[in-house]
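Participant: Any chance you can model this:
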Amino acid sequence: MIEKLKEILRAYLGEDIADIGPDSVLADDLGLDSMELFELVSTIEEQFGIEIPDRMLLKFVTVQDVVEYLEKAA
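Facilitator: So this is what the prediction gives:
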C-alpha cells in the first residue's frame with residue numbers, strides 16, 4: 001500500500017523524492033499546502049476507487065496516516 005502511495009506522490013509532485021517514508025509530513029517534508037492535499041486526495045480516490053470524506057483531510061498529517069486510512073478502506 002505504501003509503495004503505491006509513494007508512486008502517486010512522486011507522480012503528483014513531479015519529482016523523484018527518494019526519501020518519502022511513513023513518517024514524512026505531507027506539509028513540511030513534501031511541501032503540500034491545503035489545496036494541493038485536496039488535489040492529491042482526489043487523485044488517490046481515483047487510483048483506489050474510493051471516496052475520502054473531506055473531514056479526513058485534517059487528519060492526514062503524515063504518509064502513514066494516509067496509508068492507514070487506505071488499508072481500512074480497502
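Participant: Distance from the chain centre to the longest helix anywhere in the chain, please.
Facilitator: Criterion DSSP state H: the longest helix present in the chain is helix 34-48. Relative to its chain's centre, helix 34-48 lies at 7 Å (CA atoms, centre = their mean, to the nearest Å).
Participant: For that helix, could you pull out the residues that count as buried?
Facilitator: Neighbour-count burial for helix 34-48 flags 37, 40-41, 44, 48 (criterion: 16 or more other CB atoms under 10 Å). For the C-beta atoms, the positions are set from N, CA and C on the backbone; glycine is no exception.
Participant: With just CA atoms, put the following helix or strand past that helix into CSV.
Facilitator: Following helix 34-48 in sequence order, the next helix or strand is helix 63-73 (DSSP states H and E). Included here for helix 63-73 are C-alpha records, laid out as CSV according to Å, rounded to 0.1, in the frame of the first residue of the first chain:
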residue,chain,number,x,y,z
VAL,A,63,2.2,9.5,4.7
GLN,A,64,1.4,6.8,7.3
ASP,A,65,-1.9,8.5,8.2
VAL,A,66,-3.0,8.1,4.6
VAL,A,67,-1.8,4.5,4.4
GLU,A,68,-3.7,3.6,7.5
TYR,A,69,-6.9,5.1,6.1
LEU,A,70,-6.4,3.3,2.8
GLU,A,71,-5.8,0.0,4.5
LYS,A,72,-9.0,0.4,6.5
ALA,A,73,-11.0,1.5,3.4
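Participant: Please name every helix or strand in contact with helix 63-73.
Facilitator: Applying 3 or more CB pairs under 8 Å, 6 or more residues apart in numbering; DSSP states H and E, one finds that helix 63-73 contacts helix 2-13, helix 34-48.
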